[in-house]
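Student: Any chance you can model this:
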Amino acid sequence: MKKKTFQAILKILTVIITIVFLGFIIYGLNITIFHDKEALANMIDDFGFFAPIIFILIQIIQVVLPVIPGGVSSLAGVIAFGPVYGFIYNYIGIVVGSICAFYLARFLGVKIIKLLFEEKKANKYLNYISQDKFYPLFIIAMFLPGLPDDLICFVAGISKMRFRKFLLAILLCKPISLLLYSFGINLLE
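Tutor: Residues are numbered from 1 along each chain as shown. The predicted structure is shown next:
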């Protein structure tokens, strides 16, 4: 499969999955599962023990294959599991996914980045590697929601950054943005 075709498929999947997530949220609002925590809990209980595992796997996948917007899935976790468990499941999935992204890039090189991400966007962050600005950018991306942290985890994999330094930044900085998602949504209620 050609690179442009693969990127086009990823874009289409991103749009479709975003629409499905939004559709689910609208559906949930109409049947009041987001207003009635008991109804939401009952829906999640239908998946039983597997609900958190399925959600964590979704989070891992959304980091490695950028077809689900991270903010959307993080908010979905908070809505589905509440702020505490939503935070925990988001954190586990995103940390594991970030590690996978780092090592995929470390082993496959820049080709995987250019395959998964728009070339213009990828080149923007790849240019930071040659400068001494990459690690501060990496810290900021892990700390603040809304930045392309998945892409930046891949870029970290091809940089000279040691895995320990990468992991420390992920473990210490990522909780801040997840806490904003996890507890910020409760302020909207």
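Student: contacts and neighbour counts: CA atoms only from here.
Tutor: Fine.
Student: where do the strands sit along the chain?
Tutor: Secondary structure of the chain (DSSP state E): no strands present.
Student: So for this protein, the centremost residue is which one?
Tutor: Nearest residue to the geometric centre of the chain (C-alpha atoms, centre = their mean): Gly70, 3.5 Å.
Student: residues in contact with it?
Tutor: With contacts defined as C-alpha atoms under 8 Å, 6 or more residues apart in numbering, the neighbours of Gly70 are 59, 62-63.
Student: neighbour-wise, which of the residues you listed leads?
Tutor: Neighbours here mean other C-alpha atoms under 10 Å. Within those, the largest count is held by Gln59, at 28 neighbours.
Student: Please name the nearest non-neighbouring residue to that residue.
Tutor: Closest residue to Gln59 apart from its sequence neighbours, by C-alpha to C-alpha, 6 or more residues apart in numbering: Gly93 at 4.8 Å.
Student: right, and that neighbour touches Ile60 too?
Tutor: Yes - between Gly93 and Ile60 a contact is recorded at 4.8 Å, counting by C-alpha atoms under 8 Å.
Student: Quick one: neighbours of Lys120, just the number.
Tutor: Look at Lys120: counted by other C-alpha under 10 Å, it has 10 neighbours.
Student: dump the residue contacts of Ser177.
Tutor: Here Ser177 is in contact with 142-145 (criterion: C-alpha under 8 Å, 6+ apart).
Student: surely Pro175 meets Tyr91?
Tutor: Yes - with contact defined as C-alpha under 8 Å, Pro175 counts as touching Tyr91 (6.8 Å).
Student: State which helix of the protein is the longest.
Tutor: Taking DSSP state H as the criterion, the chain has its longest helix at helix 70-108.
Student: mean confidence for it?
Tutor: Averaging pLDDT along helix 70-108 gives 87.
Student: How about the contacts made by Pro52?
Tutor: Going by C-alpha under 8 Å, 6+ apart, Pro52 touches Tyr89.
Student: Could you report the distance from it to Cys100?
Tutor: Look at Pro52 and Cys100: by C-alpha to C-alpha, to the nearest Å, they are 19 Å apart.
Student: By mean pLDDT, flag the weakest helix or strand of the chain.
Tutor: When each helix and strand of the chain is scored by mean pLDDT, DSSP states H and E, helix 37-45 comes last, with a mean of 61.
Student: Look up phi and psi at Ile129.
Tutor: Per-residue torsions, Ile129: phi -60, psi -40 (degrees, to the nearest 10).
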